[in-house]
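K.L.:
pasting the structure only:
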């Protein structure tokens, strides 16, 4: 079991409906030492792959992305979520449909900040059905840039997002993959890295 | 002129209506080396003041807060903005009225993550009329915790937020205070630290 899986077992709370609350260290209160450990691990997993920019999506991906960026020595760009279609200036826009919230959202990045030469590492806190991630990938492709890899803190392995992204051939590294959770017993099972 | 003022002159863009665009290094694309320089400067300005937590507000404050937190060796909590009043669980809620957008928003923090013993440094990217900041201060006070200081990257000195906060007795440190801007000439004037 790795450091993030241990932390999830220690401080994560399983709620009904396959909800995993990690707001005490990941996405409301943020443990910066833990983020640095994640940065070192992502650096190890993407060793030797050219990466010149990290991209994430607001809000909870931003903190992790900024700390991880120090380990790659690259800038970060965060995509904005919007419900409006009133776009000023030159923006890449991806329309993404949320399965959970049953609404359409836009993911937006200014064209100034992605170039065709960019080799982008996408970083986010959670991967479940992967809608937001699909929007980010779509924007990188629109810009003619390339996705060098995708680094996720926690993947819900029982939802389809991770499988779809791996099927598409992307190098996706999730530090913790939840295989199953039980809200009554409060138990969490993880998938070993060799198993996917 | 300090490092941030120099960077604003180099890469900031003045738009009509007193809009200062710094999205190439501060609040869309993020220069992590610059954020670390800001962290060192905040550490210097708040030297000797006990601080055990940093608080900020989504989205563009999060990256700066996480990098700055490394220089204080403390965790970060980010407040969430919400238009809804459907709050799950135990949350501190501050209602803030935006002058610019003419709407009311809520600033929300889980009660779990602020304690009466907390000495909180509030960090944000911009201070203009100070609505969001007033909401954060209100939440810290509701929790019985104390505001140890407020660190802002860019203050619009020609708007009232900074004056109000200083009048209330808070130790507010802005790394760059814009005195005036001219969108036609593209010029920006800063206030010296001794002047306020």
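P.N.:
On my side now, so go ahead. All values reported here derive from a predicted model rather than from experimental measurement. Numbering: from 1, shown residues only, chains lettered A, B, ... in the order given.
K.L.:
interface residues of chain A facing chain B?
P.N.:
A:23-24, A:28-32, A:35-36, A:58-59, A:62-63, A:65-67, A:69-70, A:74-78, A:80, A:109-110, A:112-113 (CB under 8 Å from any CB of the partner chain). For every residue, glycine as well, the C-beta is placed using N, CA and C.
K.L.:
Pull out the buried members of those residues.
P.N.:
Among the residues of chain A next to chain B, the ones that count as buried by 16 or more other CB atoms under 10 Å in any protein chain shown are A:23-24, A:28-32, A:35, A:58-59, A:62-63, A:65-67, A:69-70, A:74-78, A:80, A:109-110, A:113.
K.L.:
hmm, back to that, from the residues of chain A next to chain B, which ones fall inside strands?
P.N.:
A:29, A:30, A:76, A:77, A:78, A:80, A:109, A:110 (DSSP state E).
K.L.:
wait, isn't the fourth one in contact with residue B:28?
P.N.:
Same thing as residue A:77. Yes: contact status for residue A:77 versus residue B:28: in contact at 6.6 Å, counting by CB atoms under 8 Å.
K.L.:
so what does the longest helix along chain A touch, helix or strand wise?
P.N.:
In chain A, with assignment by DSSP state H, the single longest helix is helix A:32-45. Identification of packing neighbours for helix A:32-45 by 3 or more CB pairs under 8 Å, 6 or more residues apart in numbering or on different chains; DSSP states H and E yields helix A:3-11, helix A:61-72, strand A:146-156, strand A:172-182, helix B:61-72.
K.L.:
residues in contact with the residue nearest to the spatial centre of chain A?
P.N.:
The residue lying closest to the centre of chain A (CA atoms, centre = their mean) is residue A:124, at 2.1 Å. Contacts for residue A:124 (CB atoms under 8 Å, 6 or more residues apart in numbering or on different chains) come out as A:56, A:57, A:61, A:64, A:65, A:132, A:133, A:150, A:151, A:152, A:153.
K.L.:
Skipping adjacent residues, who's closest to residue A:121 in space?
P.N.:
Leaving aside its sequence neighbours, residue A:121 sits nearest to residue A:51 (CB to CB, 6 or more residues apart in numbering or on different chains; 4.6 Å).
K.L.:
In what element of secondary structure is that neighbour found?
P.N.:
Taking DSSP states H and E as the definition, one finds residue A:51 inside no helix or strand.
K.L.:
show me what contacts it?
P.N.:
A:72, A:74, A:119, A:120, A:121, A:148, A:149.
K.L.:
Return, as residue ranges, the portions of chain A with sub-threshold pLDDT.
P.N.:
Under the criterion pLDDT under 70, the flagged ranges of chain A are A:83-89, A:98-102, A:194-196.
K.L.:
Let me have the helices and strands packed on helix A:32-45 in TSV, adding distance to residue A:90 as columns.
P.N.:
As requested, the helices and strands packed on helix A:32-45 are exported to TSV (distance: least, CB to CB, whole Å):
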stretch	distance to residue A:90
helix A:3-11	38
helix A:61-72	22
strand A:146-156	21
strand A:172-182	30
helix B:61-72	23
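K.L.:
quick one, which of these is nearest to residue B:45?
P.N.:
Nearest to residue B:45 among the helices and strands packed on helix A:32-45 is helix B:61-72; the distance by CB to CB comes to 11.1 Å.
K.L.:
Is any residue of that closest one near chain A?
P.N.:
Yes: applying CB under 8 Å from any CB, one finds helix B:61-72 touching chain A at B:62, B:63, B:65, B:66, B:67, B:69, B:70.
K.L.:
Residue A:65 is in contact with the first one, correct?
P.N.:
So that's residue B:62. No: between residue B:62 and residue A:65 there is no contact under CB under 8 Å: 9.4 Å.
K.L.:
Out of the contacts of residue A:51, grab the one that's most surrounded.
P.N.:
Of all those, residue A:121 has the most neighbours under the rule other CB atoms under 10 Å in any protein chain shown, reaching 26 neighbours.
K.L.:
is it true that it lies in a strand?
P.N.:
Yes: assessed by DSSP: H, G, I helix; E, B strand; the rest coil, residue A:121 belongs to a strand.
K.L.:
Report the contact partners of it.
P.N.:
Per CB under 8 Å, 6+ apart, neighbours of residue A:121: A:42, A:46, A:51, A:53, A:54, A:55, A:72, A:74, A:148, A:149, A:150, A:151.
K.L.:
Widest-spaced pair of those?
P.N.:
Using CB to CB, the contacts of residue A:121 span at most 15.1 Å, a distance reached by A:74 and A:150.
K.L.:
Please identify the helix or strand for residue A:26.
P.N.:
Per DSSP H and E, there is no helix or strand for residue A:26.
K.L.:
Wait, it touches residue A:125, no?
P.N.:
Yes: if you go by CB under 8 Å, residue A:26 and residue A:125 touch, sitting 5.8 Å apart.
K.L.:
For these two, work out which one has more neighbours and name it.
P.N.:
residue A:26 (26 against 21).
K.L.:
can you count the residues close to residue A:144?
P.N.:
Neighbours of residue A:144 using other CB under 10 Å come to 11.
K.L.:
Same check on residue A:50?
P.N.:
Applying other CB under 10 Å, we find 8 residues neighbouring residue A:50.
K.L.:
now residue A:5
P.N.:
Residue A:5: 18 neighbours (other CB under 10 Å).
K.L.:
so what's it up against?
P.N.:
Counting by CB under 8 Å, 6+ apart, residue A:5 has contacts A:175, A:176, A:190.
K.L.:
If we use 7 Å, what do you get?
P.N.:
For residue A:5, the contact set (CB atoms under 7 Å, 6 or more residues apart in numbering or on different chains) comprises A:176, A:190.
K.L.:
buried stuff in the helix or strand residue A:133 falls within?
P.N.:
Counting by DSSP H and E, the element that carries residue A:133 is helix A:131-142. Using 16+ other CB under 10 Å as the test for burial, helix A:131-142 gives A:131, A:132, A:133, A:134, A:135, A:136, A:137, A:138, A:139, A:140.
K.L.:
Thank you, goodbye.
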